[in-house]
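>>> for reference, the sequence and a predicted model appear below.
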Amino acid sequence: MRVLVIGAGALGGYYGACLVRAGADVTFLVRSARAAQLRRDGLQVKSPHGDFTVQPKILMANELREPFDVVLVGVKAYSLDDAMSEFAPAVGPGTMVLPILNGLKHIDALTARFGAACVLGGLANVSAGLDADGRVVQFMANQTIVFGETKGSLSERTLALEKLLNVRGIDVRASEAIMQDMWEKFVQLSTLAGITCLMRASIGDILAVPNGGQSIFRLFAECCTVATASGFEPRAPFIEFDRKLFTTMDSPLKASMLRDIERGSMTESEHILGDMANRARKLGIDTPLLDLARAHVAAYEVGRRRASGGS
């Protein structure tokens, strides 16, 4: 299978590099500045599992001429519209578009643009970012991709894709219930992003203060209520996993959204916190802590735009 990875940031860079290292036929669609950096330095990964560098194949949007078998989409949600226009020539009738973005809204956008038959559901559990030198830094050991047909069941194409992605550095699973998996990730991320951004602190630091743990689980309960009312009640193993995740003392865990705030960058707040809150409103569910977290990050965005001279 020929794979086109959209961008070479934290998500696409990490998973794409693992595939290149394993000998897969992978090309990265990047902008000119990133292309120059990759040609000069290679695609470098700093990982708890061992550092490595690959020399990637690179294309820019004006060089894209033909469909690929797989398009792996890992851009930030606010970049998706531009990215879809750029990679559209790579999507043919038999292409699998595999998004590993956070949240759920992007599934509708991709389906509207390319058709339901092309679009898979997917999620990634990896804590990674780019450092000042453009290297992909994997902060924690997790490195999972889960994906599947949005209507459920396993298909020949998802089993073939699972085989392709089953390489060193990627823990992969084809799912018969990917929308359930995505909703659970949506709940987890909304809780993690909401509480760490609101408190501007890691989970461990929040747990160390009065009512910190209670606040985490109030927000968690709000998000679980929205998921349940939407037809995707979180399953018991997920609840147990997140209870451990959110009660680990001294945990350095914080959302990538908070790391964006800390470096003064744009966030995916409306795609995550805003979308969860909007779904709650439509269902008549009261989510006061989620609403406060959303307002907090939205106020940050107003200040960031003003500081940068935007409107």
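It's in. Numbering: from 1, shown residues only.

>>> show me the contacts for the closest residue to residue 252 other than its chain neighbours.
The shortest distance from residue 252 to any non-neighbouring residue, by CB to CB, 6 or more residues apart in numbering, is to residue 202 (5.2 Å). For the C-beta atoms, the positions are set from N, CA and C on the backbone; glycine is no exception. The contact partners of residue 202, by CB atoms under 8 Å, 6 or more residues apart in numbering, come to 196, 251, 252, 253, 254.

>>> within the helices and strands, which one has the most far-flung residue of the chain relative to its centre?
Relative to the centre of the chain, and counting by CA atoms, centre = their mean, the farthest-placed residue is residue 210 at 31.2 Å. Using DSSP states H and E, no element contains residue 210; it sits outside every helix and strand.

>>> how close does it get to residue 111?
Applying CB to CB, to the nearest Å, the value for residue 210 to residue 111 is 45 Å.

>>> residue 194 touches residue 273, doesn't it?
Yes: between residue 194 and residue 273 there is a contact under CB atoms under 8 Å: 5.7 Å.

>>> mutual contacts of the two, please.
Residues touching both residue 194 and residue 273 (CB under 8 Å, 6+ apart) are 290, 293, 294.

>>> just say helix, strand or coil for the last one.
On the three-state scheme (DSSP: H, G, I helix; E, B strand; the rest coil), residue 294 is labelled helix.

>>> my read: it touches residue 277, true?
Yes: the pair residue 294 and residue 277 passes the contact test of CB under 8 Å, sitting 5.1 Å apart.

>>> strands of the stretch 1-150 of the chain, residue ranges please.
Secondary structure of the stretch 1-150 of the chain, counting by DSSP state E, counting those that start in this stretch: strands at 2-6, 25-29, 43-46, 52-54, 57-59, 70-73, 96-99, 120-130, 136-149.

>>> return the most buried member of the ones you listed.
Of all these, strand 70-73 carries the top mean neighbour count, a mean of 26, counting by mean count of other CB atoms under 10 Å.

>>> contacts for that one, please.
1-6, 12, 15-16, 80, 83, 87, 90-91, 95-101, 106, 110, 161, 164.
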